[in-house]
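Q: I would like the atomic coordinates for the input below:
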Amino acid sequence: MNAAGLCVRLAFGIALLSACAPATPARERESVAGSVESARASQQDRTLVMVIRGEPVSLASKPVQASGLSVRPATRLFNAELDIADATDSPRPYLVEALPELNTDTWRVFPDGRMETRYRLRANLIWHDGTPLSVEDFVFAWQVYQRPEFGQSGSTPVSLMEEVVAADARTVIVRWKRPFPDAAFLRETFQPLPSHLLAIEFQQRDPDGFGNLPYWSTEYVGLGPYRLVRWEPGSHIEGAAFDGHVLGRPKIDRVVVRFLPDENVVLSNVLSEQVHFTAFQTLRYEHAQVLKREWGGTPKGVIIQVPAQLRFIHVQVRPDIVTPRALLDVRTRRALAHAIDRQALDEGLYNGEGIVTETFLPKTVPYWAEIDRAIAKYPYDQRQTDQMMDEMGYRKGSDGVFVGIDGERFLLDFWGDAGTGFEKELAAVAEGWQRIGIESQLTTVPVAQFRNGQYRNSFRGVYSSAGPASSEREMRMMTSANIATSGNGWTGSNRGGWSNAEYDRLWESFSTTLEREDRIRLVISMEKLIAEQLPMIMQFHNPSVVTHHLAVRGPDPRAPHDLVLWNIHEWEMR
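A: The predicted structure follows:
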């Protein structure tokens, strides 16, 4: 190991604190057998207690209010869509009998480029309140999501839908403005909404009033395997198995979803068996090592580690807020990239078990080797950093920190998400930069601020972040259409405001091209542009940690962290 790697590893001492998670008592909306405290690994209770990192704004798969938190584990419990992704990220029919097939009556492409897809619903589908699901609920959902005030009209696939109509009592037709390759794989990007509960409210209320209805949170009615029983703000959500679930009643009767942002509190609850399942981002790699030691040769649970989450650094390129302005020049961004010792970071954070990367897509992509050969790379190289900073007019001062020709020190505003693991990564990158002469000022964004999109996009320099960049679909995050602005409710994932006409053109072609080989070539071209222009600096795919108690049977260890609950209705507690 090189000296830098050793220095980084020595900096990563782990101090895991044990604590107890408080529960706030409140009157229940419906009687629930036992409290959260008593809902443990008891066969009699048949209650699954899981943990997510933060409290969601809504339980809808596609809410009309944005949330910076990843709450898919919670929304999965209460929702069902046209299709669902299984453990291999392959589409399966959910609310429909079958998925549309290209060049059949269910998926037609017209000479002018428009498309039409048909979805035939399964029989006897009902909402959690017992009301039959209607094809009109899909038509109504499209009417809601296309309204610009909700910030979803520009999202995929809503922006591509020309019309959603009811062909008959069980057939939904979507007419598309152009070819859309993922028309048979919509997942949570398009969900039905209960028109019997929301249609009148939608007509009578302004957008803020509609978006703040209790329906979206404490009075949510969905189609998923569990129906909402109680939402205790700041504490937990409780759900009961839904008898009318389209794939059958869940085998576990009750589920409690607790909100615990403190990773060490989560670890304490797992060790004391008060928690049966931990979703991703609730525990870190270090906690998994503690569990392995504590459980010893007779483990009480299963630890699933999937190198899934992409860690990268957004670079701010909005001219009106960027500081220092040198970040607008790609040479400065390349200097920063050459100053990151990715291998040392991986060794220090994950004992080398992460996957160091300079690509957007992971090595599991079948054509990853082609991407790797095509892109520009930025190995750790202090000489390259010095040369590029010199070209930008920066020289090292007597203290080794870069100073401009005007005598101004190069000071980088460096933001990152709160959380022990994230903060350690932030500090390690900053320390490495400091050794090379790049000074930075650190800011951690607390969990409570994740929902404030405007705040999270106001960083002036760089932002250490993460994303589920595990599929081609996620590459849309860097298009101009995904720049977070007030116009889209600050929901865009292009946080640095990077805009590139060629990238937009490539994405546009990719999103309308149906032939697989042509789509792969377009992806490689997009990867090349990101690597050349560096609107984001890639670091590694970190190991995502998910755990469950041995009493819980059913989670698929092959599933990416955001898909592990896909078959929750089949899980059992023994």
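Q: make it CA atoms for all contacts and neighbour counts henceforth
A: OK.
Q: Listing request: residues of this protein with sub-threshold pLDDT.
A: 1-45, 66-70, 307-308, 468-470 (pLDDT under 70).
Q: per the record, what domains does it have?
A: 47-78+224-300+550-573, 83-197, 307-543 (automatic domain parsing).
Q: The ones you listed into JSON lines, with extra columns for distance to Asp206 and mean neighbour count?
A: Shown next, in JSON lines, are the domains of the chain (distance: least, CA to CA, whole Å; neighbours: other CA atoms under 10 Å):
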{"stretch": "domain 47-78+224-300+550-573", "distance to Asp206": "13", "mean neighbour count": "20"}
{"stretch": "domain 83-197", "distance to Asp206": "9", "mean neighbour count": "18"}
{"stretch": "domain 307-543", "distance to Asp206": "16", "mean neighbour count": "19"}
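Q: now for the host helix or strand of Leu426, which elements pack on it?
A: Following DSSP states H and E, one finds Leu426 within helix 420-436. Applying 3 or more CA pairs under 8 Å, 6 or more residues apart in numbering; DSSP states H and E, we find helix 420-436 packed against helix 3-11, helix 342-350, strand 411-417, strand 439-445.
Q: would JSON lines of the domains of the chain with distance to Asp208 be doable?
A: Shown next, in JSON lines, are those (distance: least, CA to CA, whole Å):
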{"stretch": "domain 47-78+224-300+550-573", "distance to Asp208": "9"}
{"stretch": "domain 83-197", "distance to Asp208": "9"}
{"stretch": "domain 307-543", "distance to Asp208": "12"}
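Q: quick one on the thing from earlier: the helices and strands packed on helix 420-436: which one's closest to Leu310?
A: Checking these against Leu310 by CA to CA gives helix 342-350 as the closest, at 12.6 Å.
Q: For the following helix or strand past the closest one, which strands pair with it and how are they oriented?
A: Once the chain leaves helix 342-350, the next helix or strand it forms, by DSSP H and E, is strand 355-356. If you go by DSSP bridges, strand 355-356 pairs up with strand 536-549 (antiparallel).
Q: out of the helices and strands packed on helix 420-436, nearest to Pro207?
A: Here strand 439-445 is closest among those (CA to CA), at 28.1 Å.
Q: distance between that closest one and the chain's centre?
A: How far strand 439-445 lies from its chain's middle: 23 Å, per CA atoms, centre = their mean, to the nearest Å.
Q: Do me a favour and get the end-to-end distance for stretch 277-290?
A: 16 Å (CA to CA, to the nearest Å).
Q: do stretch 558-573 as well
A: 20 Å.
Q: contacts for it?
A: 43, 46, 48, 72-73, 76-77, 84-89, 225, 247-252, 279-280, 306, 308, 544-546, 551-557 (CA atoms under 8 Å, 6 or more residues apart in numbering).
Q: now do 7 Å
A: Contact partners of stretch 558-573, identified using CA atoms under 7 Å, 6 or more residues apart in numbering, comprise 43, 46, 72-73, 85-88, 225, 249-252, 280, 306, 308, 544, 551-556.
Q: cool, stretch 460-474 as well?
A: Looking at stretch 460-474 with CA under 7 Å, 6+ apart, the contacting residues turn out to be 308-316, 321-323, 360-362, 412-417, 426.
Q: Now with 6 Å, please.
A: 309-316, 321-323, 361, 412-416 (CA atoms under 6 Å, 6 or more residues apart in numbering).
Q: Kindly report the same for stretch 114-123.
A: Contacts for stretch 114-123 (CA under 6 Å, 6+ apart): 95-97, 106-109, 170-179.
Q: try it again with 8 Å
A: Under CA under 8 Å, 6+ apart, the answer for stretch 114-123 is 82, 95-100, 105-109, 170-180, 183.
Q: Can you classify the spatially most distant residue from the centre of the chain as helix, strand or coil?
A: Most distant from the centre of the chain: Ser398, at 43.5 Å, with distances by CA atoms, centre = their mean. State at Ser398, reduced to three classes by DSSP: H, G, I helix; E, B strand; the rest coil: coil.
Q: need the contact list for it.
A: Here Ser398 is in contact with no residue (CA under 8 Å, 6+ apart).
Q: follow-up on the earlier one: from the contacts of stretch 460-474, which land in strands?
A: Gln309, Leu310, Arg311, Phe312, Ile313, His314, Val315, Leu412, Asp413, Phe414, Trp415, Gly416 (DSSP state E).
Q: For the nearest residue to Val109 once chain neighbours are set aside, what are phi and psi?
A: Take Val109 and drop its neighbours on the chain: the residue closest to it by CA to CA, 6 or more residues apart in numbering is Met115, 4.5 Å away. Recorded main-chain torsions at Met115 are phi -130, psi 170, according to degrees, to the nearest 10.
Q: My guess is Ile158 contacts Gln152. True?
A: No Ile there; residue 158 is Val. Yes. In this structure, Val158 is within contact of Gln152 by CA atoms under 8 Å, at 7.2 Å.
Q: which residues are in contact with both of those two?
A: Common neighbours of Val158 and Gln152 (CA under 8 Å, 6+ apart) are Tyr145, Gln146.
Q: any idea how far Pro179 is from the residue farthest from the centre of the chain?
A: For Ser398 relative to Pro179 (CA to CA), the value is 59 Å.
Q: Then Asp386?
A: Taking CA to CA, one finds Asp386 at 47 Å from Pro179.
Q: still on that earlier bit, dump the helices and strands packed on helix 420-436 to a markdown table, plus distance to Ala141.
A: As requested, the helices and strands packed on helix 420-436 are arranged in a markdown table below (distance: least, CA to CA, whole Å):
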| stretch | distance to Ala141 |
| --- | --- |
| helix 3-11 | 50 |
| helix 342-350 | 43 |
| strand 411-417 | 33 |
| strand 439-445 | 33 |
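Q: How is Glu238 assigned, secondary-structure-wise?
A: Per three-state DSSP, Glu238 ends up strand.
Q: Contacts only, for it.
A: Counted by CA under 8 Å, 6+ apart, Glu238 has contacts Leu228, Val229, Arg230, Trp231, Arg254, Val255, Val256, Val257.
Q: Chain neighbours aside, what residue packs nearest to it?
A: For Glu238, the closest residue by CA to CA, 6+ apart turns out to be Val256, at 4.5 Å.
Q: again, but for Pro233
A: In space, Pro233 is closest to Glu55, 8.0 Å off (CA to CA, 6+ apart).
Q: residues contacting the one you found?
A: Val71, Pro233, Gly234, His236, Phe259.
Q: Save these as a markdown table, and put in distance to Gln449 and secondary structure too.
A: As requested, those are exported to a markdown table (distance: CA to CA, whole Å; DSSP: H, G, I helix; E, B strand; the rest coil):
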| residue | distance to Gln449 | secondary structure |
| --- | --- | --- |
| Val71 | 15 | coil |
| Pro233 | 17 | coil |
| Gly234 | 15 | coil |
| His236 | 19 | strand |
| Phe259 | 15 | strand |
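Q: Now the closest residue in space to Val315 that isn't next to it in sequence: phi and psi?
A: Using CA to CA, 6+ apart and skipping residues adjacent in sequence, the residue nearest Val315 is Val462, 4.6 Å away. Note on Val462: backbone dihedrals following degrees, to the nearest 10 are phi -130, psi 160.
Q: who's Val462 bridged to?
A: Val315, Phe414.
Q: Roughly how far does it sit from Glu286?
A: For Val462 relative to Glu286 (CA to CA), the value is 26 Å.
Q: and what of Trp507?
A: 38 Å.
Q: Could you check how far Asp182 is from Ser511?
A: 8 Å.
Q: Kindly report the same for Ile237.
A: 37 Å.
Q: Pro379 too?
A: For Pro379, the distance to Ser511 - CA to CA - is 32 Å.
Q: Next, Val172: secondary structure please.
A: Quick answer, by three-state DSSP: Val172 is strand.
Q: my guess is it meets Val135, correct?
A: Yes. In this structure, Val172 is within contact of Val135 by CA under 8 Å, at 5.9 Å.
Q: Over to stretch 149-162 now: how far is its first residue from its last?
A: Stretch 149-162: ends 18 Å apart by CA to CA.
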